[in-house]
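**Student:** heads up, no residue letters with this:
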């Protein structure tokens with residue numbers, strides 16, 4: 001007897017379509033599933049020539065990266081070695097001697113070239129100056145890290161540090177350890193028109 005309804009034909013999926021291989025990785029009690037799907041048979045395979053071209057491109061990229069890393073390492077190794085000295089830092093006997101000579105020169109030049117405007121106005125103040133010196137005694141950089149409150153005094157300290165240069169070359173023992181020396185000290189302009197550093 002027919003009911004007018006088409007019979008339902010169950011279609012079984014092919015085993016090939018439903019098969020998925022699973023690899024389960026367990027790390028620290030956590031389960032991670034990695035599903036590996038068979039490659040699509042309709043996807044065209046790369047020719048040997050295309051494979052070779054892809055390999056050449058990867059090799060060129062690797063060579064470029066190796067060259068870049070070598071260049072960066074060379075630049076890093078060639079950077080100047082810098083040493084810092086301030087009133088609190090420990091100094092070797094040679095550094096202490098070099099610094100004493102630097103202070104003597106700065107104070108001598110500073111008192112010979114004391115700013116007239118500061119003398120007339122009886123200005124006083126303390127500032128902190130950073131002076132970066134190359135191994136040959138030349139100034140590489142100079143800056144005021146803490147101002148005195150009087151632009152005349154800040155400018156005078158910068159001018160005096162430049163007038164006193166070049167400074168002594170680094171002794172051999174210092175030169176072996178670093179290429180540049182940053183000296184950070186307080187510059188004191190007192191009401192008696194006298195400059196000192198500490």
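**Tutor:** Happy to help now that I have it. Source: prediction; values computed, not measured.
**Student:** which residues of the protein fall in strands?
**Tutor:** Taking DSSP state E, the strands of the chain run over residues 21-27, 30-36, 82-85, 125-134, 139-146, 180-189, 195-197.
**Student:** Those into TSV, with extra columns for distance to residue 56, mean pLDDT and mean neighbour count?
**Tutor:** No exception for glycine: its C-beta is placed from N, CA and C like everyone else's. Converted to TSV, those look like this (distance: least, C-beta to C-beta, whole Å; pLDDT from 0 to 100; neighbours: other C-beta atoms under 10 Å):
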stretch	distance to residue 56	mean pLDDT	mean neighbour count
strand 21-27	32	41	8
strand 30-36	29	46	8
strand 82-85	44	95	15
strand 125-134	47	98	19
strand 139-146	47	98	13
strand 180-189	46	97	20
strand 195-197	64	97	19
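**Student:** Give me the distance between the longest helix seen in the chain and the centre of its chain.
**Tutor:** Counting residues, the longest helix found in the chain (DSSP state H) is helix 48-77. Here the centre of helix 48-77 is set off from its chain's centre by 25 Å, with C-alpha atoms, centre = their mean, to the nearest Å.
**Student:** Kindly report the same for stretch 163-170.
**Tutor:** On C-alpha atoms, centre = their mean, the centre of stretch 163-170 falls 28 Å from the chain's centre.
**Student:** Then stretch 115-134?
**Tutor:** 32 Å.
**Student:** Endpoints of that stretch, how far apart?
**Tutor:** Stretch 115-134 has an end-to-end distance of 27 Å (criterion: C-alpha to C-alpha, to the nearest Å).
**Student:** got a list of contacts for it?
**Tutor:** 82, 102, 139-150, 152-158, 161, 167, 179-191, 193 (C-beta atoms under 8 Å, 6 or more residues apart in numbering).
**Student:** right, and residue 105 touches residue 166 too?
**Tutor:** No. Residue 105 lies out of contact with residue 166 (C-beta atoms under 8 Å); the separation is 10.1 Å.
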